[in-house]
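J.: take this sequence and fold it.
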Amino acid sequence: MSYYLCNVCGNVFDGKYIKVNKYSYETECPISDCCGSIFEVDEEMIIPIKVLNDKGYATQFCCSGHLYGTPGEGYIQFYNDYIPTTAPKGWIIDGNSIRYRFSKNATAIKKLKERHSKIEALVKWCDELKSLE
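T.: You can find the predicted model right below:
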């Protein structure tokens, strides 16, 4: 199931009810007076992305990490002027992104455990992160 988050009003929309522009990463927010754009977000990343944007760290793209296929890493990409100076435990700063990688040759169940651990660290970090504003 896909979810969409508005970069202006912060509302979350169920992908079943959203008609998206398949040629763009962003689509106009369905709330008529919002004037924002919605973008797809993994369910596990909705709260961290909302908190980061609310604290002034403007995000571009994100992924919670795929259990199958490669590269299978989780990441959050920021707009260049909004890159945090620290990263959550187990994550690294990589250019204008923070990211984590699964252990080499990890099974799907180990990747799932790792993803939960990394998302938990991300949520804690987001909560403790100081606002830019």
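
J.: so how far is the helix or strand containing K110 from its chain's centroid?
T.: Per DSSP states H and E: K110 is located in helix 108-128. Chain-centre distance of helix 108-128: 12 Å, with Cα atoms, centre = their mean, to the nearest Å.

J.: give the other helices and strands that it contacts.
T.: helix 46-54, strand 74-78 (3 or more Cβ pairs under 8 Å, 6 or more residues apart in numbering; DSSP states H and E). For every residue, glycine as well, the C-beta is placed using N, CA and C.

J.: what are the buried residues along it?
T.: 111, 114-115, 118-119, 121-123, 125-126 (16 or more other Cβ atoms under 10 Å).

J.: before we move on, the earlier item: output the helices and strands packed on helix 108-128 as TSV; include the columns mean neighbour count.
T.: Formatted as TSV, the helices and strands packed on helix 108-128 follow (neighbours: other Cβ atoms under 10 Å):
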stretch	mean neighbour count
helix 46-54	19
strand 74-78	21
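
J.: which helix or strand in the chain has the lowest average pLDDT?
T.: Least confident helix or strand, the chain: strand 26-28 with a mean of 82, by mean pLDDT, DSSP states H and E.

J.: and stretch 33-40, how far apart are its ends?
T.: 20 Å (Cα to Cα, to the nearest Å).

J.: re earlier: ok, residues contacting the helix holding K110?
T.: Helix 108-128 has contacts (Cβ atoms under 8 Å, 6 or more residues apart in numbering) with 44-45, 47-48, 51-52, 55, 64-65, 67-68, 72, 74, 76, 86-91, 100, 102-103, 106.

J.: what angle do that helix and strand 74-78 make?
T.: If you take axes from the mean of the first three to the mean of the last three Cα atoms, to 10 degrees, helix 108-128 sits at 30 degrees to strand 74-78.
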